[in-house]
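Q: Here is the input, now give the coordinates:
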Amino acid sequence: MSTRQYRDHMHQRTTADLYLRLSLDREGKTAIERQEADCRAWAERNGLMVRKVHIDRGRSGYKNVSRKGFDAAVTAVTAGVVGVLIVWKLDRLSRRGVSEIGKALDDMERVGGRLVSVMESLDTRNPGARDAIALLADLALNESRDLGMRVGNAKRYLRQRGQWIGGQPPYGLLVDPETRKLIHDPETAEYARLIADEALSGKALVHIARLLNEHGVESARGGMWNSSSVLQLLRSPAFAGLMPQTEYEDQADGTRK
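A: Below is the predicted model:
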């Protein structure tokens, strides 16, 4: 090994990247700032220099969604740019079980890379760490599935009672604070009825928007109406008196659709 190769090798072994993730981009006990502070402190205590911080804000670790931060963090290790990937907690890295984490570990270990989970005191350099990681990965997966089931059951219960399941109600409707059911908004219901009548009579969306604007009627989000805002309203199932429902199906590869 040449002097330059040795220097690059040592630099890689003493350099780490951080991966931080928050499912909902809001303040909390696992906020991005706290994750980064704890990870940097661990790196400093163990003589590692932090090269880069990879972040996925508002990205689920369970759903089959693109996570550019995750991909870049794993690639940095597998490409030999850094020797260590540090995460605050294992479920920040992934909640899709050992299938995803196991592959990432295989790829990193193939080039001599390490994975460190600060809160669980796990370092793949130590014997038995990989087995513990596999166990925690499956626990995180099951926890996400259980949470999804509980939320789904709660929503089905509310639907059966005719109650609004959450979120902004469609234009022309309000949520009754006592019954949690949708009721007419006295200020906008007549305009919502007008929109529906005009659309059902075959009027063009641009005509409906122009009519509302000419009479000084503000859109659902304030401001002027246009064909897109009218179309968005008409496409809302709740505007037609229906309660929307999303169903997921587990795939053979562990993803959900």
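Q: So what's the residue count around A134?
A: For A134, the neighbour count with other CB atoms under 10 Å is 15. In this view, the C-beta of every residue, glycine as well, is placed from N, C-alpha and C.
Q: Helix, strand, or coil at E187?
A: What DSSP: H, G, I helix; E, B strand; the rest coil gives for E187 is coil.
Q: list the contacts for it?
A: Going by CB atoms under 8 Å, 6 or more residues apart in numbering, E187 touches no other residue.
Q: so where do the helices sit in this protein?
A: 3-13, 32-45, 68-78, 90-93, 98-110, 129-160, 189-200, 205-214, 227-234 (DSSP state H).
Q: These: lowest mean pLDDT?
A: For those, the weakest mean pLDDT is recorded on helix 3-13, namely a mean of 50.
Q: what comes up buried for stretch 78-94?
A: 78, 82-94 (16 or more other CB atoms under 10 Å).
Q: I meant to write stretch 120-133 there.
A: For stretch 120-133, the neighbour count (16+ other CB under 10 Å) marks E120, L122, D123, T124, A129, R130, A132, I133 as buried.
Q: Show me which of those residues is closest to W42.
A: D123 (9.7 Å; CB to CB).
Q: Which strand residues bridge that closest one?
A: Counting by DSSP bridges, D123 is bridged to V116.
Q: So it sits against V116, correct?
A: Yes - between D123 and V116 there is a contact under CB atoms under 8 Å: 4.9 Å.
Q: ok, R13 - how many residues close by?
A: 15.
Q: roughly how far apart are it and G47?
A: Here the criterion is CB to CB, to the nearest Å. By it, R13 lies 10 Å from G47.
Q: Which two of the buried residues of stretch 120-133 have the greatest separation?
A: E120 and R130 (12.7 Å).
Q: now the buried residues of stretch 120-133 as CSV including distance to V217?
A: Output for those, formatted as CSV (distance: CB to CB, whole Å):
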residue, distance to V217
E120, 56
L122, 59
D123, 62
T124, 61
A129, 63
R130, 62
A132, 61
I133, 57
